[in-house]
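Participant: Here is my input, please return the structure:
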Amino acid sequence: MSTKPRSDDADAFIPDPDGGHARTSDTLAETLAEDFVQSATSGEATNDDVFDSVVPEDSGGPFVETSSAQEFARGTDAS
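Facilitator: Got it, this is the predicted structure:
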């Protein structure tokens, strides 16, 4: 049985480990991968609570509350 070479670099969500152990510092990716393996090996659906759990990426984000004094300029600019 011969293996056909890949037409892409195999880096979907994390870099391809080339047969070694896959490592990532992304906790959500790690959690999803662990849940997939648990579901695939046990034959049972994983707990949906993982999607409702709070992860560090939920804090802050693109929306940071600030005061209007920080957001709006005073006076007019040179243009």
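
Participant: And the lowest mean pLDDT element among the helices and strands of this structure?
Facilitator: None of the helices or strands of the chain scores lower by mean pLDDT, DSSP states H and E than helix 49-52, at a mean of 69.

Participant: Could you identify the helix or strand that succeeds that helix?
Facilitator: helix 68-71 (DSSP states H and E).

Participant: For that following helix, what is the distance to the chain centroid?
Facilitator: With Cα atoms, centre = their mean, to the nearest Å as the basis, helix 68-71 stands 32 Å off its chain's centre.

Participant: Make 856 the starting number, not 1.
Facilitator: Yes, from this point I'll number from 856; that puts the last item at helix 923-926.

Participant: Could you list the buried residues of it?
Facilitator: Using 16 or more other Cβ atoms under 10 Å as the test for burial, helix 923-926 gives no buried residues. To be clear about C-beta, it is placed using only N, CA and C from the backbone, and glycine gets the same treatment.

Participant: What mean pLDDT does it get?
Facilitator: The average pLDDT within helix 923-926 is 83.
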